[in-house]
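Colleague: Here is a sequence together with a model predicted from it:
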Amino acid sequence: MALVVVGVDGSEQSRRALDWALPYAAARGATVQAIMTVNTKDLDEAERATRWADAERTLVAMVADSLEASRHRPVVSYEVVEGDPIVTLVDATRGADLVVLGSHGMSSISNPALGSVSLACIRMGSCPVLVIPWGRPDPLLHGEVAPR
């Protein structure tokens, strides 16, 4: 079965990426895997537990909200992963058919259109990477998606 990975970080842009991935995956019989990374290095045990719980709560809420707002219902899995988002998502490209990420606009000095995670996945990834641009409505979210 095809796999669409979505990088989620709690931002509106990652929500747009997740919202885009749901109808795309549903039309193709693919599974969506939403991944959020958390860095708990250098934190004490209590801070580590709090950060992990916050990440899980954010990820579960975003997936639930996107599914509720969508009429498309592909199988969706989600996980919080310890580590760097670049390493985690580049690794995820090895088993995915597509990785969907949100653009962070002006967050990157080297490339104002792409964030560092998007750029790294494009450069080092093993599958196609789709970056959802900031602020543009997506007709795919508002119309029918024809399967291949």
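Modeller: That came through, no problem. Numbers count the residues shown, from 1 in each chain.

Colleague: where along this protein do the strands fall?
Modeller: All strands of the chain, identified by DSSP state E, fall at 3-7, 31-38, 76-82, 98-102, 129-132.

Colleague: could those strands be laid out in CSV, adding mean neighbour count and distance to L59?
Modeller: The way it works is simple: take the backbone N, C-alpha and C, and place the C-beta from them, glycine included. Formatted as CSV, the strands of the chain follow (neighbours: other CB atoms under 10 Å; distance: least, CB to CB, whole Å):
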stretch, mean neighbour count, distance to L59
strand 3-7, 26, 10
strand 31-38, 22, 4
strand 76-82, 16, 5
strand 98-102, 26, 14
strand 129-132, 21, 18
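
Colleague: okay if I get the ones you listed as TSV plus mean pLDDT?
Modeller: Compiled in TSV, the strands of the chain are given as follows (pLDDT from 0 to 100):
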stretch	mean pLDDT
strand 3-7	97
strand 31-38	96
strand 76-82	95
strand 98-102	95
strand 129-132	93
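
Colleague: So what's the residue count around I122?
Modeller: 18 (other CB atoms under 10 Å).

Colleague: Now do the same for it: its pLDDT.
Modeller: For I122, the model assigns a pLDDT of 90.

Colleague: ok so, going back, turn the strands of the chain into CSV, including distance to A69.
Modeller: Shown next, in CSV, are the strands of the chain (distance: least, CB to CB, whole Å):
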stretch, distance to A69
strand 3-7, 15
strand 31-38, 14
strand 76-82, 13
strand 98-102, 16
strand 129-132, 15
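
Colleague: Of all those, which one comes closest to A92?
Modeller: Among the strands of the chain, the nearest to A92 by CB to CB is strand 3-7 (4.6 Å).

Colleague: measure the nearest residue to A2 once chain neighbours are set aside to A46 for me?
Modeller: Leaving aside its sequence neighbours, A2 sits nearest to A30 (CB to CB, 6 or more residues apart in numbering; 3.6 Å). A30 sits 39 Å away from A46 when distances are taken as CB to CB, to the nearest Å.

Colleague: Likewise for V76?
Modeller: Taken as CB to CB, the span from V76 to A46 is 31 Å.

Colleague: what's near enough to touch the residue nearest to A2?
Modeller: Each residue near A30 by CB atoms under 8 Å, 6 or more residues apart in numbering is listed here: M1, A2, L3, V4, Y24, P74, D97.
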